[in-house]
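**Q** sequence plus the predicted model coming up.
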Amino acid sequence: MRRFKLFGLAVLAVFAATAVVTASASAVAPLPQVLPTTITEWHGTQVGVASLEQSESGLKIECSGGSGLGVIESSRTLGLFHITFTGCKALSGQCTGLGDATAGTILTLGLWHSVIDVDEPNLAAAILFLIEEVHFSCGIVLIKVKGSVLCLVLEPLALTLEKEFHCTQKVGVPDEKTYQNDLGQLVEDTKLESSTSEAAFKGAGELALAKLKGLPEGIPWKIDD
């Protein structure tokens with residue numbers, strides 16, 4: 001897999017995912033291909049602090065920054081991403097990905113999809129992040145994270161080149177859990193999980209906000225602070 005960097009992924013997908021959702025959640029809602037065809041990748045930076053919280057133990061990992069790059073496949077509704085979180089720490093110490101040279105840095109790889117969130121109160125454009133299992137240590141504690149994160153696109157229909165996406169959770173439980181894919185299939189219990197010190201995987205949630213700013217056609221997209 002090509003190695004990419006971060007976190008605007010979600011909103012790029014957002015433009016691809018801003019569907020005209022008019023039918024019920026059980027109907028097939030199209031995912032318009034509204035991205036300029038010359039754009040094949042995007043760049044970005046995280047806005048504010050991102051955090052991962054385990055639902056049972058309450059363990060929380062916070063990262064003060066993030067950067068990344070993603071690619072868009074020919075379908076225009078999915079692609080690969082590479083997220084690098086920086087300034088990561090927990091009560092047990094600074095958190096560093098296994099194999100990452102810089103302390104406090106965690107590299108995450110995966111695949112993104114444009115989808116439609118069907119959780120109450122309304123249908124909404126969303127991005128689904130499918131995360132490859134990542135291992136990192138916080139002090140002497142080994143942590144593993146795997147699964148998926150569903151993030152809402154904020155104001156997807158606004159006539160602007162700048163978009164935001166938001167991943168939210170409460171005490172380790174994701175707020176957004178159910179989505180409709182481009183085949184019209186409902187998928188429930190979107191799940192992010194983490195394991196501490198080789199214990200069984202438990203539920204977790206992610207809180208993060210990113211902003212995507214589109215540039216003229218032919219120039220890579222990026223996310224600004």
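**A** Yep, that arrived. Numbering: from 1, shown residues only.
**Q** use CA for all of it now, contacts and neighbours both
**A** Noted.
**Q** Asp46: how many residues sit nearby?
**A** Let me fix one detail, which is that residue 46 is Gln and not Asp. By other Cα atoms under 10 Å, 27 other residues sit near Gln46.
**Q** bridged to it, which residues?
**A** Gln46 has these beta-bridge partners by DSSP bridges: Ala210.
**Q** my read: it touches Leu69, true?
**A** No: applying Cα atoms under 8 Å as the test, Gln46 and Leu69 come out as separate, 11.5 Å apart.
**Q** would you list every one of the helices in this protein?
**A** In the chain, the helices defined using DSSP state H lie at 9-17.
**Q** grab the nearest non-local neighbour of Thr105.
**A** Thr86 (4.5 Å; Cα to Cα, 6 or more residues apart in numbering).
**Q** is that neighbour in a bridge, and if so with what?
**A** Under DSSP bridges, the residues paired with Thr86 across the bridge are Gly65.
**Q** try Leu111
**A** Beta-bridge partners for Leu111, by DSSP bridges, are Leu80, Leu130.
**Q** counting neighbours, what do you get for the residue nearest to Thr105?
**A** 23.
**Q** so it touches Thr108, yeah?
**A** No: between Thr86 and Thr108 no contact is recorded; they are 11.3 Å apart, counting by Cα under 8 Å.
**Q** hang on, the earlier thing: OK, contacts around the residue nearest to Thr105?
**A** Contact analysis of Thr86 by Cα atoms under 8 Å, 6 or more residues apart in numbering lists 63-66, 104-106.
**Q** output these as CSV; include the columns pLDDT and neighbour count.
**A** Listed next are the contacts of Thr86 as CSV, based on pLDDT from 0 to 100; neighbours: other Cα atoms under 10 Å:
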residue, pLDDT, neighbour count
Cys63, 96, 24
Ser64, 94, 16
Gly65, 90, 19
Gly66, 88, 26
Gly104, 96, 21
Thr105, 96, 24
Ile106, 97, 25
